[in-house]
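[1] Predicted coordinates and the sequence they were generated for:
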Amino acid sequence: MSINTEVRPADTAGIARAAELLRQGELVALPTETVYGIAADARNGEAVSKIFVAKGRPQDNPLIVHVTGPEMLHGLVSEVPERAQLLMAAFCPGPLTIIMPRGPEVAAECCAGLDTVGIRMPSHPVARAVIEASGCAFAAPSANLSGKPSPTNAQDVFTDMDGRLPLILDGGECDWGVESTVVSVVGEKPTLFRPGHITLEDLERALGEEVEVSKAILEKLPEGAVVRSPGMKYKHYAPKADVTLLDGTFEQFKAYVDAHAAEDPSCLCFTGEAEKLGVPCVEYGREGDGADQAKHIFRSLRALDEQGDAVVYARCPQKDGLSMAVYNRLIRAAAFRVIKL
Ligand code: TXA
Ligand code: MG
């Protein structure tokens, strides 16, 4: 499969072209406030199935459907539960995906056999303009090859998707840098499936109740465990290097790296630490600043690949608040190798 892939600015003409392609059942890569996505008309099963081919994505991993607002939900969900209304009022448009009961018009290909659908209302002006110009709710996963770090700029999308789809709209760097928070309001208790910019604490405040945290977010599940959100079971965000997270202070980290000099390691560290480590380093944001780390983590993981690093030791972020999202991505990039120092 090789398609001629055009990269063009997300200006009026670019947006009109994207809308035309979507209506024709083709794929378009475009920016959102979280990461770049690969969009296809969510009501067109044939179009949606092209996403799985372009990404090399397992068929059993469902897609999120993007709309501009609640007025577009008719036919896409069978019901808007009260908790969903509270969450939409508090956070939408924004980096939140709400799992709701699926409606009859969503292509079966989006939902991987589930009777639910993830709904997201992006705030990014380009994503919104494409929905408005096409009239299409679009299904969109992140625009990386399956298993690779999500792309946060058009160049990284091109690296993965050249020859696999006809158009990449370049809207610059994404604001947030990690994918949306995924929360389910189907079932007895609201459940966090994927942490993101909207934190567990934010969700609990808006809902006025406790939100369960899916176990798969912070630890490796045993073989064969049932996962309610299929994306959580795949190895993910992984650079080619063997990454190990070292959980401890900077001094402990440096001592560990020095003791393993024979492995010729590189480091994924916090801003300002590279010069103190004396080995090749990629910095991924300020220590203790989850927003800064989130914005840079995926680009930094890709930079490790570009440097051709083989053994990487990574500084461990905190596990709460916004850093939970960063920790969740990093333990997957590290295939769950975490050493407590
Ligand atoms: O920020 C984002 O959410 C980006 C941008 C492009 O919007 N999209 C994105 O999509 O990250 P994707 O496909 O890479 O991740 C979607 C996650 C997967 O882990 C998937 O398993 C889960 O959401 N998911 C989607 N629909 C679901 C459903 N009905 N039930 C449970 N989990 C679902
Ligand atoms: Mg993804």
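    Perfect, thanks for sending it. Numbering: from 1, shown residues only. Ligands and ions are numbered 1, 2, ... in the order given.

[2] Domain-wise, how is the protein divided?
    For the chain, automatic domain parsing gives the domain ranges 6-233, 242-340.

[3] Just put those in a markdown table and tack on mean pLDDT and mean neighbour count.
    Using the backbone N, CA and C atoms, a C-beta is placed for each residue, glycine as well. Formatted as a markdown table, those follow (pLDDT from 0 to 100; neighbours: other Cβ atoms under 10 Å):
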| stretch | mean pLDDT | mean neighbour count |
| --- | --- | --- |
| domain 6-233 | 96 | 20 |
| domain 242-340 | 96 | 19 |
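
[4] wait, what's in contact with S229?
    99, 182, 184, 193-194, 214, 216 (Cβ atoms under 8 Å, 6 or more residues apart in numbering).

[5] Tell me which ones among those residues also neighbour ligand 1, please.
    99, 182, 193-194 (Cβ under 6 Å from any ligand atom).

[6] So which of those are in strands?
    Per DSSP state E, strands hold the following members of the ones next to ligand 1 among the contacts of S229: 99, 182, 193-194.

[7] Show me which residues of the stretch 151-300 of the chain are close to ligand 1?
    Going by Cβ under 6 Å from any ligand atom, the residues of the stretch 151-300 of the chain near ligand 1 are 179-180, 182, 193-194, 229-231.

[8] and which of these is nearest to L245?
    Nearest to L245 out of these is R194 (Cβ to Cβ; 18.6 Å).

[9] Bridged to the closest residue in space to the closest one that isn't next to it in sequence, which residues?
    In this structure, R194 finds its nearest non-sequential neighbour in V182, 3.9 Å apart by Cβ to Cβ, 6 or more residues apart in numbering. Judged by DSSP bridges, the bridge partners of V182 are T97, R194.

[10] could you list every residue that touches V182?
    64, 97, 99, 118, 192-194, 196, 229.

[11] What is the most widely separated pair among those residues?
    It's I64 and L192 that sit farthest apart of the contacts of V182, by Cβ to Cβ, at 15.2 Å.

[12] what's the burial count for the nearest residue to G163 once chain neighbours are set aside?
    Nearest residue to G163, sequence neighbours excluded (Cβ to Cβ, 6+ apart): S2, at 4.2 Å. Number of residues near S2 (other Cβ atoms under 10 Å) recorded here: 7.

[13] S2 and D162, how far apart?
    Distance check for S2 against D162: by Cβ to Cβ, to the nearest Å, it reads 9 Å.

[14] Need the phi and psi values for D170.
    Note on D170: backbone dihedrals following degrees, to the nearest 10 are phi -90, psi 110.

[15] give the contact list for the residue nearest to it when sequence neighbours are not counted.
    Once flanking residues are discounted, D170 sits nearest to A154: 3.7 Å by Cβ to Cβ, 6+ apart. Shown in contact with A154 (Cβ under 8 Å, 6+ apart): 7, 29, 31, 36, 168-172.

[16] And I339, by the same measure?
    Per Cβ under 8 Å, 6+ apart, neighbours of I339: 244-247, 256.

[17] Looking at those residues, which are in strands?
    244-247.

[18] Check the offset of stretch 303-316 from the chain's centre.
    Chain-centre distance of stretch 303-316: 20 Å, with Cα atoms, centre = their mean, to the nearest Å.

[19] actually stretch 64-76, not the one I typed
    20 Å.
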